[in-house]
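> No letters, just coordinates:
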């Protein structure tokens, strides 16, 4: 944005929450090894505390974001104005009941230009703790509770915490390589990583599950439905895909379980060291090694491309359809929001160049953030 000439308002790309699987049909339920026609619980159950902490952290960051946003000071009109500085931007500007795009940028939203040219790579992580509005954070946190707590109960806080954070990073990385004209926020890349981890966990621990085919089909159906939602406009499906792929590979690394024969011999009263079988099956070791190699190679290549400013849309002419499919109801093109403004004392004259609308604002303290928000409102 250049004051007295033009102002561009960033477009928000939202990461939509995944629909969580039903407890009875997913791999996140407690594994039960089948032996002699009876189901035996053989693995430790953990008390979940990290996932609830993540929920609290996300809510706290959203509250701080709304405090920084301070709609009454920086905008001419707000929603639920009685909340004071915690009131929301207008529904035209943000239908999710949340802050302005400029505030999200300030708080650490994913913005490729700042990562590449201002060396703010930390935005690849910070963006997964930000949300575009009340509806956005409510949906994501409900999904995190339903999916994450069950997984933490089964695998502990270390593995699930790493799975969540690294998957979120992977989602942000793929998003940054394809969506370079808009900002992106949301925890959905990390949530899709949990779904991907559930799928690979079911595959790598295939022999210890009962009703495995029903669980696999149900999980695949849920994943496909959630990814299909990502073709809607303003939904960052590249973050979903990147998070899912990262979580899928991480599941083979972090969520591997010992085979039942090894566990039963270790826990039996007549345990003899010589009779212990291999802790893991051969295919589990193969999947572990291949997944680790793919993860390291993918993250390394992605970071190199990103820091060199590569736009993968230029190398893949059809990939943009993975994030948005144009229909008669909507189009997927991003329109740049530009305004021409002039200032006389406390009076700001502004004209939106895309629709020709003009307005005069009387402001006591005019700053770049206010100009950008007013331009976005005028052009919406």
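Done, it's in. Fair warning: this is a prediction, and the values are worked out from it, not measured in the lab. Numbers count the residues shown, from 1 in each chain.

> How about the backbone phi and psi for residue 180?
Main-chain dihedrals, residue 180, degrees, to the nearest 10: phi -120, psi 0.

> which residues does it contact?
112-113, 311, 313 (Cβ atoms under 8 Å, 6 or more residues apart in numbering). All C-beta spots, glycine's among them, are computed from the backbone N, C-alpha and C.

> Check what pLDDT it gets.
As summarised for this prediction, residue 180 has a pLDDT of 80.

> Quickly note the distance from it to residue 113.
Distance from residue 180 to residue 113, counting by Cβ to Cβ, to the nearest Å: 8 Å.

> if we can go back for a sec, and the contacts of residue 180, which are buried?
In these, burial by neighbour count holds for 112, 311, 313, counting by 16 or more other Cβ atoms under 10 Å.

> Quick check: the gap between the nearest residue to the second one once chain neighbours are set aside and residue 95.
Pointing back at residue 311 there. In this structure, residue 311 finds its nearest non-sequential neighbour in residue 180, 5.5 Å apart by Cβ to Cβ, 6 or more residues apart in numbering. Between residue 180 and residue 95 the distance is 24 Å, computed by Cβ to Cβ.

> Check residue 157 too.
Residue 157 is 35 Å from residue 95, by Cβ to Cβ.

> Low-confidence ranges, the stretch 151-300 of the chain, go.
Where the stretch 151-300 of the chain drops to pLDDT under 70, the residues are 259-277.

> those strands in it, which residues are they?
183-185 (DSSP state E, counting those that start in this stretch).

> which residues in it form helices?
157-178, 188-204, 212-229, 237-254, 260-267, 282-307 (DSSP state H, counting those that start in this stretch).

> just so I know, which of those lies nearest residue 363?
Closest approach to residue 363 among the helices of the stretch 151-300 of the chain is made by helix 157-178 (34.1 Å; Cβ to Cβ).

> helices or strands up against that closest one?
Applying 3 or more Cβ pairs under 8 Å, 6 or more residues apart in numbering; DSSP states H and E, we find helix 157-178 packed against helix 50-69, helix 123-126, helix 134-155, helix 188-204, helix 237-254, helix 282-307.

> repeat that with 6 Å
Judged by 3 or more Cβ pairs under 6 Å, 6 or more residues apart in numbering; DSSP states H and E, helix 157-178 is in contact with helix 123-126, helix 188-204, helix 237-254, helix 282-307.

> Could I get the buried residue list for stretch 302-317?
302-303, 305-306, 311-313.

> average pLDDT across it?
91.

> Show me the contact partners of it.
Identification of contacts with stretch 302-317 by Cβ atoms under 6 Å, 6 or more residues apart in numbering yields 116, 173, 176-178, 180, 320.

> per-residue confidence at residue 100?
For residue 100, the pLDDT comes out at 90.

> How much space separates it from residue 233?
19 Å.

> ok, these two, which is more surrounded?
More neighbours surround residue 100 than the other of residue 100 and residue 233, with 28 against 16 (other Cβ atoms under 10 Å).

> sorry, back to before: dump the buried residues of stretch 302-317 to a markdown table, plus distance to residue 104.
Output for the buried residues of stretch 302-317, formatted as a markdown table (distance: Cβ to Cβ, whole Å):
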| residue | distance to residue 104 |
| --- | --- |
| 302 | 23 |
| 303 | 23 |
| 305 | 24 |
| 306 | 20 |
| 311 | 22 |
| 312 | 24 |
| 313 | 23 |
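
> Which two of these have the greatest separation?
303 and 313 (18.0 Å).

> out of the helices of the stretch 151-300 of the chain, nearest to residue 343?
Smallest distance to residue 343 across the helices of the stretch 151-300 of the chain (Cβ to Cβ): 34.6 Å, for helix 157-178.

> Many thanks, I have nothing further to ask.
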